[in-house]
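# Got a sequence here, can you model it:
(chains A and B, ligands or ions: 2)
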Amino acid sequence: MSETTNGKSDIIALNKVGKTFWRGKERLDVLQELDLTMKEGSFEALMGPSGSGKSTLLNLIAGLDVPSSGSLRVAGVELSQMSEGDRAGFRAANIGFVFQTYNLLPVLTALENVELPLLLAKLPAAERRKRAQTALKVVGLEDRMSHYPRQLSGGQEQRVTIARAIVSDPKIIVADEPTGDLDRHAANEILNLLGKLNTEFNKTIVMVTHDPAAAERASICHRLDKGALAL
Amino acid sequence: MIPISYNVRSLLVRKTTTLATAGGIALVVFVLAAALMLSSGVKKTLVAGGRDDNAIVLRKGSGNELSSSIESNTVSLILAAPGVKKDDTGAPLGSGEVIVVIAQEKLGAKPGQVSNILVRGVAENVLKLRPEARLVAGRSPKPGTDECLIGKGIAGNFRGMSLGEKFELKKNRPVEVVGVFEAGGSSFESEVWVNVETARTSFGREGLVSSVTVRLESPAKLDAFKANVSTDKQLQLEAKRETTYYEEQSQGTALFIAGMGWVVSVFCAFGAMLGAMNTMFAAVAQRKREVGTLRALGFSKFSILSSFVLESTVLAVVGGLIGLGASLLLSFARVSMMNFATWQEVSFSFSPTPRLLIGSLVAGALMGILGGFLPALKAARTSPIEAMRG
Ligand SMILES: Nc1ncnc2c1ncn2[C@@H]1O[C@H](COP(=O)(O)OP(=O)(O)OP(=O)(O)O)[C@@H](O)[C@H]1O
Ligand SMILES: [Mg+2]
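Ligands and ions are numbered 1, 2, ... in the order given. A predicted model of the protein is given here:
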């Protein structure tokens, strides 16, 4: 992590990152020579037209995928050469996920869904339960713990997802269109919550969004166009 | 590890598919358990004929009574051997017996259909030698007559084989049924007992017996008796405990039924396994995003693999328990079958043992594990990026 003038270090650093997909023989250079840094504790948005590579970039930062070229350091770890198994461990330790489609397991209750990431840490069951309850309190759903996802509204489901994302206390939260499926009111609640995680819990938040109102909440907004950063 | 409640509840969500798949496995476990129960029933019935304080003497290497023959004049030698019990009159408790098989027309079947019946030429003291055989109807045959007893397993099931009727032992050699006996469910109940002389003269066995059965003073006297009987190498005799003999006799039939059960089950198991595989493949496809999410959260490929194998195993065990439950209902049924050692019809029951029940259940679980493996492997290969796809 490189020190910078204001004392905060870069938690995310991309150096000439490229990502190429092959569709049969057709080569798709989705990201090209991308240089990008993000500071620890910042709230940054990624915007850009559909197909510009926002999700691809977010997946790289989250350790879901590896770049085709360049180097990528996240939370002090070089991800570009990391094996799939090691990346799974990296994600469990460092990344909280907020999905556009929430992705709660439908057969588990809100509390059980939030407990899931803790199953990867060696914690006693009582401790897991306690932490999951705390996380649900943070998102204001202490009265919905035993509800199944289908018994919750979209906004509530997304709050459960956020509780699941923070329960193991990762440094970074990645969110791909977290408000994409929500109405204005519910979207604002989610954005408030992300803001709170950023300011009160010092989480670094990387959020992909189409919504200018959502991007407003971020301190920095990056624009992506055809796989390159635009100004 | 992914909690098992996730798998159980996922199975409950797909009730119909789960039940249909479990049903296939239930069927296989049922067939297997039924065959093994029958096999153990056969063993039980055949072994029930033996007493551990009785010894049977056969010609060395003959394997069973049917193919054994011993000269009549050695019978008295055998009866005089040490260890043989004496009755109240001081006479040794034992006798030489002649065993032959006759074909007899079965009643209630297709006309002309015959089955083999074992005919045992016995001495007058047969009921003392085998106290578990008890008259349930009629009387004992008068000595020296062509009267006979029949086991209750064949009474009324064959032409001429009912109390008071006559049948031909051989052409122009009718015998009359004067009594019916039971013998603790053993294969004796499927036999005809006639006077040994009648059997000898009817079948040209003059001067010979098939076997000699004696009562020992105690089960422990077997070794002494055995040693004495086999000392004279010229006589070529071999003595065994009666229970051991019947156990050996049941081996072939019991193994045959168990073997058939396994063969049929293995074939059915392929179908049931493919069913489980199909169900699990569908489940994996349906839950692609769930699995992707678990992978994104950091669950390893191995934990996904084991989770789905576990799910399939739970499914199979449920099916297996249903199959076992159904097979246990068979313990109320009886079947009539050929005993291959003597080519005689014997009726058997399904007899469950803990070992075979557990074995069948394990076989069911194994189907789940094998059928679930490929789908689980596919699930484990799900990319975590699936979680991000809209
Ligand atoms: N696994 C893949 N294989 C092939 N092409 C891919 C793959 N993933 C993404 N792409 C392509 O890369 C390009 C960028 O995709 P990406 O999902 O990053 O866009 P996006 O900016 O997130 O768009 P949207 O706003 O619609 O979500 C698209 O053209 C897409 O078709
Ligand atoms: Mg996208």
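
# Tell me who's in contact with residue 173.
Just so you know, I chose chain A. For A:Ile173, the contacting residues are A:95-98, A:162, A:165-166, A:194, A:197, A:203-206, by Cβ atoms under 8 Å, 6 or more residues apart in numbering or on different chains. Backbone N, C-alpha and C define where each C-beta goes, glycine included.

# ah, no, chain B please
Contacts of B:Arg173 by Cβ under 8 Å, 6+ apart are B:146, B:198, B:202.

# Go ahead and confirm the last one touches B:Glu168.
Think B:Ser202. No - between B:Ser202 and B:Glu168 there is no contact under Cβ atoms under 8 Å: 9.4 Å.

# and these two? which has more neighbours close in?
Taking neighbours as other Cβ atoms under 10 Å in any protein chain shown, B:Ser202 and B:Glu168 compare with B:Ser202 leading, 22 against 14.

# How about the contacts made by the more buried one?
So B:Ser202 contacts B:169-170, B:173 (Cβ under 8 Å, 6+ apart).

# per-residue pLDDT, it?
pLDDT, B:Ser202: 90.

# B:Ala254 now?
Reported pLDDT for B:Ala254: 82.

# how close does A:Pro178 sit to B:Val291?
Separation of A:Pro178 from B:Val291 (Cβ to Cβ, to the nearest Å): 21 Å.

# Residue 137: which element?
I went with chain A, as the question did not name one. helix A:125-138 (DSSP states H and E).

# let's do chain B instead
Counting by DSSP H and E, B:Ala137 is found in strand B:134-138.

# ok and the helix or strand just after that strand relative to strand B:134-138, angle-wise?
The helix or strand immediately downstream of strand B:134-138 is strand B:147-151, counting by DSSP H and E. Interaxial angle, strand B:147-151 versus strand B:134-138 (axes from the mean of the first three to the mean of the last three Cα atoms, to 10 degrees): 120 degrees.

# residues from the stretch 1-150 of chain B in reach of chain A?
B:1-3, B:5-6, B:9-10, B:12-13 (Cβ under 8 Å from any Cβ of the partner chain).

# quick one on the thing from earlier: what strands line up against the strand holding B:Ala137, and which way round?
Next to strand B:134-138 in the sheet, as set by DSSP bridges, lie strand B:173-182 (antiparallel).

# How about the strand it pairs with, which residues are buried there?
B:175, B:177-182 (16 or more other Cβ atoms under 10 Å in any protein chain shown).

# C-terminal to it, what's the next element?
strand B:191-195.

# helices and strands around that next one, which ones?
strand B:114-122, strand B:147-151 (3 or more Cβ pairs under 8 Å, 6 or more residues apart in numbering or on different chains; DSSP states H and E).

# Same list (the ones you listed) but as a markdown table, adding mean neighbour count and distance to B:Ser312.
Written out in a markdown table, the entries for the helices and strands packed on strand B:191-195 read as follows (neighbours: other Cβ atoms under 10 Å in any protein chain shown; distance: least, Cβ to Cβ, whole Å):
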| stretch | mean neighbour count | distance to B:Ser312 |
| --- | --- | --- |
| strand B:114-122 | 22 | 46 |
| strand B:147-151 | 26 | 50 |
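
# Show me the one of these that comes nearest ligand 1.
strand B:114-122 (71.9 Å; Cβ to the nearest ligand atom).

# after that closest one, next one along is what?
Taking DSSP H and E, what comes next after strand B:114-122 is helix B:126-129.

# what comes into contact with that next one?
With Cβ under 8 Å, 6+ apart, helix B:126-129 has contacts from B:54, B:87, B:93-95, B:123, B:133-135, B:140, B:181, B:193, B:213-215.

# and which of the residues you listed is nearest B:Arg355?
Nearest to B:Arg355 out of the contacts of helix B:126-129 is B:Asn54 (Cβ to Cβ; 27.9 Å).

# How is chain B divided into domains?
B:4-47+B:249-389, B:54-217 (automatic domain parsing).

# highest average neighbour count across these?
Stretch with highest mean neighbour count among the domains of chain B: domain B:4-47+B:249-389 (a mean of 20; mean count of other Cβ atoms under 10 Å in any protein chain shown).

# near ligand 1 at all, that domain?
No - judged by Cβ under 6 Å from any ligand atom, domain B:4-47+B:249-389 and ligand 1 are separated, with a smallest distance of 6.9 Å.

# for that domain, the distance to its chain's centre please.
23 Å (Cα atoms, centre = their mean, to the nearest Å).

# Compute the first-to-last residue distance for it.
The separation between the terminal residues of domain B:4-47+B:249-389, taken as Cα to Cα, to the nearest Å, is 26 Å.

# Next, the residue in the stretch 251-390 of chain B that chain A sits nearest to: phi, psi?
Relative to chain A, the nearest point of the stretch 251-390 of chain B is B:Gly298 (2.7 Å; Cβ to the nearest Cβ). The phi/psi pair for B:Gly298 (degrees, to the nearest 10) reads phi 120, psi 0.

# where's the residue nearest to it when sequence neighbours are not counted, which helix or strand?
Excluding the flanking residues, the one nearest B:Gly298 by Cβ to Cβ, 6 or more residues apart in numbering or on different chains is A:Ala92, at 2.7 Å. Applying DSSP H and E as the criterion places A:Ala92 in helix A:84-94.

# what helices or strands is the longest helix seen in chain A leaning on?
Counting residues, the longest helix found in chain A (DSSP state H) is helix A:184-200. Helix A:184-200 is packed against strand A:43-47, helix A:154-166, strand A:172-176, strand A:204-208, helix A:212-216, with contacts defined by 3+ Cβ pairs under 8 Å, 6+ apart.

# With respect to ligand 1, which of these lies nearest?
Nearest of the helices and strands packed on helix A:184-200 (Cβ to the nearest ligand atom): strand A:204-208, 6.4 Å.

# Alpha carbons only: can I get that closest one in PDB?
Extracted in PDB, the C-alpha atoms of strand A:204-208 (Å, rounded to 0.1, in the frame of the first residue of the first chain):
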ATOM      1  CA  THR A 204     -14.400   1.300   1.700                       C
ATOM      2  CA  ILE A 205     -17.300   1.100  -0.700                       C
ATOM      3  CA  VAL A 206     -17.100   0.500  -4.400                       C
ATOM      4  CA  MET A 207     -20.500   0.900  -6.100                       C
ATOM      5  CA  VAL A 208     -21.500   0.400  -9.700                       C
END
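
# what about the chain, any weak spots by pLDDT?
Just going to use chain A. A:1-7, A:231 (pLDDT under 70).

# could you do chain B instead?
In chain B, residues with pLDDT under 70: B:337-346, B:390.

# how about the helices in it?
B:4-13, B:15-48, B:72-79, B:126-129, B:196-202, B:222-231, B:242-286, B:288-297, B:301-328, B:354-380.

# can I get these in a markdown table with distance to A:Pro49?
Putting these into a markdown table (distance: least, Cβ to Cβ, whole Å) gives the following:
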| stretch | distance to A:Pro49 |
| --- | --- |
| helix B:4-13 | 38 |
| helix B:15-48 | 42 |
| helix B:72-79 | 105 |
| helix B:126-129 | 101 |
| helix B:196-202 | 103 |
| helix B:222-231 | 96 |
| helix B:242-286 | 32 |
| helix B:288-297 | 25 |
| helix B:301-328 | 35 |
| helix B:354-380 | 34 |
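
# what's the closest of the ones you listed to A:Arg184?
helix B:288-297 (26.1 Å).

# Now do that closest one: which elements does it pack against?
Against helix B:288-297 (3+ Cβ pairs under 8 Å, 6+ apart) you get helix A:84-94, strand A:95-98, helix B:301-328.

# go with 10 Å
Packing contacts for helix B:288-297, counted by 3 or more Cβ pairs under 10 Å, 6 or more residues apart in numbering or on different chains; DSSP states H and E, involve helix A:84-94, strand A:95-98, helix A:154-166, helix B:4-13, helix B:242-286, helix B:301-328, helix B:354-380.

# how about those in JSON lines, adding distance to B:Arg389?
Output for these, formatted as JSON lines (distance: least, Cβ to Cβ, whole Å):
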{"stretch": "helix A:84-94", "distance to B:Arg389": "17"}
{"stretch": "strand A:95-98", "distance to B:Arg389": "13"}
{"stretch": "helix A:154-166", "distance to B:Arg389": "16"}
{"stretch": "helix B:4-13", "distance to B:Arg389": "21"}
{"stretch": "helix B:242-286", "distance to B:Arg389": "14"}
{"stretch": "helix B:301-328", "distance to B:Arg389": "17"}
{"stretch": "helix B:354-380", "distance to B:Arg389": "16"}
